[in-house]
Every structure is written in structure tokens, then in C-alpha cells.
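# Sequence first, predicted coordinates after that:
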Amino acid sequence: MPGDDGEGTGGGSSLLSARLLVASARMGDPNFERGVILVLDHSYEGALGIVLNRPTGLGVEEVLGPWHDQALQAPPGVVFSGGPVSRDAVIGLARSPVAGAETGRAGTVAPAVGSEAHRSGRWRPVLGQLGTVDLSVPPEDQPLPLAGARLYSGYAGWSTGQLEEEIAEGAWYVTEAIAQDVFCVQPERLWHDVLKRQGGELAVLAAFPPHPSVN
């Protein structure tokens, strides 16, 4: 099972940034039922991630007009519910078509989400050519050219050791992330699709209905 090799436990120096957390049947929090979370930051002080498969009916133009065109390049062009923490905070994930987006401009060290450097508009690589962006800086003034963005209201957060405990209890499957997971065309299928590509037992679980009464 993914995560059973030590990489999914947060032990030692193996941390989970840029990995996926896929909710299992043992997940008791309705905020995360069949949720797929991309971990943005994970350290010994805790973890932060965003739920990738909870689109809302709120158009990006109603929240941050300057980002409307970028959101249309990553349909459905709506704000996603990123998690139950700080729902008034909005995190942006964008993709850049230029080479070198993975390491940032001029080889600078990527600042953590929420840091002063991040809020100043610097690009922070996350996965492949995807990175977090400072949404207060218009797309045309970003450090790198952009080719689509998704906005997430709120996030998922864990205190020291909390995520590791949830993984040990079987609440999450830990899997590799691919860039297509973030900008998936059918977010309602993401939980199923991520499990299915794992093969084996997890691929079988992907076929289970949301509730035992459904057949």
C-alpha cells in the first residue's frame, strides 16, 4: 500500500510535500470524504495542503477579477474549496510554460506559503511546472509567465505529528502526484482516477460506491 515504505509516514527526513493524500474509508471527517489533497508544505512542525476535487459554484471573477482569464485556462473556472481552515484565505496554484519553472527564477530558494517572500509575489515551485502564486499580484506582473490557474478557498492543516497519526490509523493513502491531478478536467472523478492508477488493492477500492447502500 502506498505510504507503507516510510515515505508516507513523515518519519526521518522523508516528508510529504508534493505528494497526494487520498481519503480512505476510515476517514471520519466529512470535510475530506473521498477527498484528494495535494500537500504543499510538510515539516516536523505540521503540514498544509489543499483539497483538489471540491469545485464550488462561485466564479473566480466574483472573487478576484484579474484572475478570471487565467482560471478559464483551467476549466471549470470556479473557486475550489481547498479545506476547512481559513476559508476566507485564497491560495492560487498556477502553471508556467517556461523552462525552469520547477526551480524558480535565478535559482532562488522557494519561500514557504504564507512567508513574507511568498507574499511579495515570488513564484514557489510545487509540482513540475506548477507553483503557488501571490494572488495580490496581477498575472501579468508575476515572476514567470502563466498558462492557467486554480484558486482554492481555505486549506487543510495539521499540527505537529497529527498527519502522521492519521496516516498510521489508515485515514489516508499516500500516493505520487502528477501535474494533471491539479488541473483535472473532471474533479469529481479525481478520487477514483488516482486510486485506479495505483493498481492492485487500491484500484479495486476505486470501484466502490460512495456509500454501501449505493449499488
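Cool, the structure landed. Numbers count the residues shown, from 1 in each chain.
# so who does Leu195 touch?
With contacts taken as CB atoms under 8 Å, 6 or more residues apart in numbering, Leu195 has the following neighbours: Val22, Tyr173, Leu202, Ala203, Leu205, Ala206. C-betas here are computed from N, CA, C, even on glycine.
# Which of these has the largest number of neighbours?
Within these, most neighbours by other CB atoms under 10 Å means Val22, with 26 neighbours.
# Point to the residue nearest the middle of this structure.
The structure's the chain has its C-alpha centroid closest to Leu38; by CA atoms, centre = their mean the separation is 2.8 Å.
# So what pairs up with that one in the strands?
Here Leu38 shows beta-bridge partners Leu20, Ile50, assigned using DSSP bridges.
# That one and Leu20 touch, don't they?
Yes: proximity of Leu38 to Leu20 meets the contact threshold set by CB atoms under 8 Å, at 6.1 Å.
# shared neighbours of those two, anything?
Counting by CB under 8 Å, 6+ apart, the contacts common to Leu38 and Leu20 are Ala177, Asp181.
# quick revisit: tell me the one among the contacts of Leu195 nearest to Glu188.
Closest approach between those and Glu188, by CB to CB: Ala206, at 13.4 Å.
# Which residue, other than its chain neighbours, is closest to that closest one?
Once flanking residues are discounted, Ala206 sits nearest to Leu195: 3.7 Å by CB to CB, 6 or more residues apart in numbering.
# mind checking pLDDT for that neighbour?
As predicted, Leu195 sits at a pLDDT of 95.
# looking at this, it is in a helix?
Yes: the assignment for Leu195 (DSSP: H, G, I helix; E, B strand; the rest coil) places it in a helix.
# Make sure Val63 is actually in contact with Leu151.
Yes: applying CB under 8 Å, one finds Val63 in contact with Leu151, separated by 6.9 Å.
# shared neighbours, these two?
Shared between the contact lists of Val63 and Leu151 (criterion: CB under 8 Å, 6+ apart) are residues Val79, Val90.
# Return the helix or strand in this protein with minimum mean pLDDT.
Per-element confidence for the chain was summarised using mean pLDDT, DSSP states H and E. The lowest value among helices and strands belongs to helix 116-119, with a mean of 42.
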